[in-house]
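> sequence first, then the predicted structure, then my questions.
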Amino acid sequence: MPALSPSKRILMVEDTASVAALYKSYLNPLDVDVTIVGTGQDAMAFFEQEGDQLALMILDLRLPDMSGIDVLAKVRAVAPDLPVIIMTAHGSIDAAVDAMRHGANDFLIKPCEADQLRVTVNKSLKPKPSHPGKATKQESEYHGFIGRSLPMQAVYRVIESAAPSKATVFITGESGTGKEVCAEAIHAASTRSNKPIIALNCAAIPKDLIESELFGHVKGAFTGAASEREGAAEMANGGTLFLDEICEMDMDLQSKLLRFIQTGSFQKVGSSQVKSVDVRFVCATNRDPWLQVQQGKFREDLYYRLHVIPLELPPLRERGDDVIAIANALLALFSAEEGKDFCRFSDEVTTQLLRYDWPGNVRQLQNVIRNIVVLHNGEEVSKEMLPSPVARVSGVEIASTGDNTRSETANSALATHEPVKPASPVVMKADIEPLWKTEKRAIEVAIDVCNGNIPQAAGLLEVSPSTLYRKLQAWQKSAAHE
């Protein structure tokens, strides 16, 4: 038998022998030569002897003698181009993202399905494109998502790992981050993609109608029920049931939902007949679900039943250049819809979009781009076209647009970042005050100088307006409790 090509040699660093043997068996159809070691030291010893023959390393983050990050750092110092796949448990997504920042090429969530492991390994073994810096449309888009930032790559990997199973995915994240897009991506990547995904917004439906929307009703079940109606559970049979804003669901209905999840059976409103369906549950909320449990607003047993695979979507402000990629896609879409000629942003606008805090996330970005396209004409989006408050995030230049008529003392204090108080020749311990008080005084001076205009004050302080609003609100709450 001819020797295996060096391009097929894989080192798997996994300390649990049974898991390593299972994953090695998953890779048998690929005709690869897999060597298993159980510690970081053994991995480095093997790498020093035969590293030049390796095509891929599969590395567990948690090892008995050292961190997988340490192993990765040592490997990268010698072999910067060797593909490394990180394997981590569900609760260590942040660690996996950190590993990618340190040079990992990809990561997988354990326990890992055979198909997912083979696909990821195959992808890592493929030759790199000749122009790696240029992202193709396929690389920058993922089932409705746009962006290649590390936080979003982590989201994509969780979706890929979770999609083939029937396990419930619990999506959390700020409003506007794309939780419904995420649910649709999970469905599209699953084996149920040929069946429907039915979405039910628990916050948008009146309390007395949501049970009927979920389970359906028979004719005459209540006033206005003129005919029998299928509910979301029945319509999603064989597919996915997406329960959006799950924490807004009434407590009484939560108990019925729990029974439905446990048994797969339900009764329509007004009927004694029990129906059974096969659905995959995906739920989402912009609240902290465990905090809702502690406050008695969400059933603890339902929480544990649903919170199987947690998936937190990053806010737009943490996604780096994804902001520009999304903005460009939206500009092209809205320009086509409105019959406009916009095709690019000026450099000033690009800088402005990157600096803004985006408290409303992708939904707010959509509204901003739509506003620009509808109200203006041209090929390039200029700074003057930006609507408020995005237009007011450029530091001191912003604040200078206001009519600052405050005293010279206040202006001088702000310019030097000093509180308004007489200078003291000697600083004593008693003069030192908590940092938050100094910060509070500086913010109050800035707002005073800007005649109460918080966005202008934020410009002078070189922070986003939302930061000032949050701090002011926190101080007001603190004062109310004193």
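Good, I have the coordinates. Residues are numbered from 1 along each chain as shown.
> quick one: end-to-end distance for stretch 259-273.
Distance across stretch 259-273, first residue to last, is 15 Å (CA to CA, to the nearest Å).
> got the buried residues for that stretch?
For stretch 259-273, burial by neighbour count (16 or more other CB atoms under 10 Å) applies to 260, 266-269, 271. Glycine gets a C-beta too; all of them are placed from N, C-alpha and C.
> for the record, mean pLDDT for it?
Confidence over stretch 259-273, taken as the mean pLDDT, stands at 91.
> still on that earlier bit, just the ones of the buried residues of stretch 259-273 in helices?
Of the buried residues of stretch 259-273, the ones assigned to helices by DSSP state H are residue 260.
> in the stretch 151-300 of the chain, which ranges drop under the pLDDT threshold?
Of all residues in the stretch 151-300 of the chain, none has pLDDT under 70.
> closest to residue 163 among the buried residues of stretch 259-273?
residue 260 (22.1 Å; CB to CB).
> was I right about that closest one contacting residue 274?
No. Applying CB atoms under 8 Å, one finds residue 260 not in contact with residue 274, separated by 10.7 Å.
> what's the overlap in contacts for the two?
Taking CB atoms under 8 Å, 6 or more residues apart in numbering as the contact rule, the neighbours common to residue 260 and residue 274 are residue 266.
> if we can go back for a sec, of the buried residues of stretch 259-273, which belong to strands?
Counting by DSSP state E, the part of the buried residues of stretch 259-273 found in strands is 266-267.
> so can I have JSON lines of the buried residues of stretch 259-273 showing distance to residue 319?
Formatted as JSON lines, the entries for those read as follows, by distance: CB to CB, whole Å:
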{"residue": "260", "distance to residue 319": "36"}
{"residue": "266", "distance to residue 319": "39"}
{"residue": "267", "distance to residue 319": "44"}
{"residue": "268", "distance to residue 319": "43"}
{"residue": "269", "distance to residue 319": "43"}
{"residue": "271", "distance to residue 319": "47"}
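> list the contacts for the residue nearest the centre of the chain?
Central residue check for the chain by CA atoms, centre = their mean: the C-alpha nearest the mean position is that of residue 313, 1.9 Å away. Residue 313 makes contact with 155, 171-174, 177-179, 182, according to CB under 8 Å, 6+ apart.
> nearest to residue 164, of the buried residues of stretch 259-273?
Set against residue 164, the nearest of those by CB to CB is residue 260 (22.9 Å).
> chain neighbours aside, what residue packs nearest to that closest one?
On the basis of CB to CB, 6 or more residues apart in numbering, the spatially nearest residue to residue 260 that is not a chain neighbour turns out to be residue 266, at 4.8 Å.
> ditto for residue 244
On the basis of CB to CB, 6+ apart, the spatially nearest residue to residue 244 that is not a chain neighbour turns out to be residue 201, at 4.6 Å.
> give me the neighbour count for the one you found.
Burial of residue 201, expressed as a neighbour count using other CB atoms under 10 Å, amounts to 16.
> correct me if wrong: it contacts residue 246.
No. In this structure, residue 201 is not within contact of residue 246 by CB under 8 Å, at 9.9 Å.
> tell me the backbone dihedrals of residue 61, please.
Backbone torsions of residue 61, given as degrees, to the nearest 10, read phi -70, psi -30.
> and it, what does it touch?
For residue 61, counting by CB under 8 Å, 6+ apart, the contacting residues are 67-69, 86-88, 92, 95-96, 99.
> on that earlier part again, the residue nearest to the centre of the chain and residue 152, how far apart?
Computed with CB to CB, to the nearest Å, the distance linking residue 313 and residue 152 is 9 Å.
> over to residue 204?
Relative to residue 152, and taking CB to CB, residue 204 is found at 27 Å.
> again, but for residue 366
Using CB to CB, one gets 17 Å for the distance from residue 366 to residue 152.
> report the buried residues of stretch 17-29.
Using 16+ other CB under 10 Å as the test for burial, stretch 17-29 gives 19-20, 23-24, 26-27.
> pLDDT weak spots in the stretch 351-482 of the chain?
For the stretch 351-482 of the chain, counting by pLDDT under 70, the residues that fall below are 393-431, 455, 464-466, 477-482.
> tell me which stretches of it form helices.
Read by DSSP state H, counting those that start in this stretch, the stretch 351-482 of the chain holds these helices, from start to end of the chain: 361-375, 396-399, 408-415, 435-449, 454-461, 465-481.
> most tightly surrounded among these?
Among the helices of the stretch 351-482 of the chain, helix 454-461 has the highest mean neighbour count (mean count of other CB atoms under 10 Å), at a mean of 23.
> so which elements touch that helix?
For helix 454-461, the packing partners by 3 or more CB pairs under 8 Å, 6 or more residues apart in numbering; DSSP states H and E come out as helix 396-399, helix 435-449, helix 465-481.
> strand partners (parallel or antiparallel) of the helix or strand that contains residue 11?
Element membership of residue 11 [criterion: DSSP states H and E] is strand 9-13. Strand 9-13 pairs in its sheet with strand 33-37 (parallel), strand 56-60 (parallel), by DSSP bridges.
> okay, those, which one's buried deepest?
Burial of those is given as mean neighbour count (mean count of other CB under 10 Å); strand 56-60 ranks first at a mean of 24.
> tell me the angle of the helix or strand following it relative to strand 56-60?
Stepping forward along the backbone from strand 56-60, the first helix or strand reached (DSSP H and E) is helix 68-78. Computed with axes from the mean of the first three to the mean of the last three CA atoms, to 10 degrees, the direction of helix 68-78 lies at 160 degrees from that of strand 56-60.
> measure the residue lying closest to residue 340 once chain neighbours are set aside to residue 147 for me?
Here the nearest residue to residue 340 in space, its sequence neighbours aside, is residue 373; by CB to CB, 6+ apart that works out to 5.4 Å. For residue 373, the distance to residue 147 (CB to CB) stands at 21 Å.
> list the buried residues for the host helix or strand of residue 331?
Element membership of residue 331, judged by DSSP H and E, is helix 322-338. By neighbour count on 16+ other CB under 10 Å, the buried set for helix 322-338 is 322-323, 325-331, 334-335.
> that older thread, export the contacts of residue 313 to CSV and tack on distance to residue 165?
Converted to CSV, the contacts of residue 313 look like this (distance: CB to CB, whole Å):
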residue, distance to residue 165
155, 17
171, 15
172, 19
173, 21
174, 27
177, 23
178, 22
179, 20
182, 16
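> quick one: which two of those residues are the most distant?
Distances among these were taken as CB to CB; the most separated pair is 155 and 174, at 13.8 Å.
> coming back round to it: so residue 204 and residue 152 - more neighbours on which side?
Comparing residue 204 with residue 152 by neighbour count (other CB under 10 Å), the higher total belongs to residue 152, at 22 against 11.
> so the more buried one sits against residue 321, correct?
No. Proximity of residue 152 to residue 321 does not meet the contact threshold set by CB under 8 Å, at 10.9 Å.
> domain assignment for this structure?
Under the assignment automatic domain parsing, the domains of the chain span 6-126, 162-218+230-312, 319-385, 396-481.
> could you point out which of these sits nearest residue 142?
Checked against CB to CB, the stretch from the domains of the chain lying closest is domain 162-218+230-312, at 6.8 Å.
> endpoints of the closest one, how far apart?
The first and final residues of domain 162-218+230-312 sit 14 Å from each other (CA to CA).
> gap between it and the chain center?
Relative to the mean C-alpha coordinate of its chain, domain 162-218+230-312 is positioned 20 Å out (CA atoms, centre = their mean, to the nearest Å).
> show me what the next helix or strand after the helix holding residue 331 is packed against.
Scanning the chain past helix 322-338 towards its C-terminal end, the next helix or strand to appear is strand 344-345 (assignment: DSSP H and E). Applying 3+ CB pairs under 8 Å, 6+ apart, one finds that strand 344-345 contacts helix 322-338, strand 380-381.
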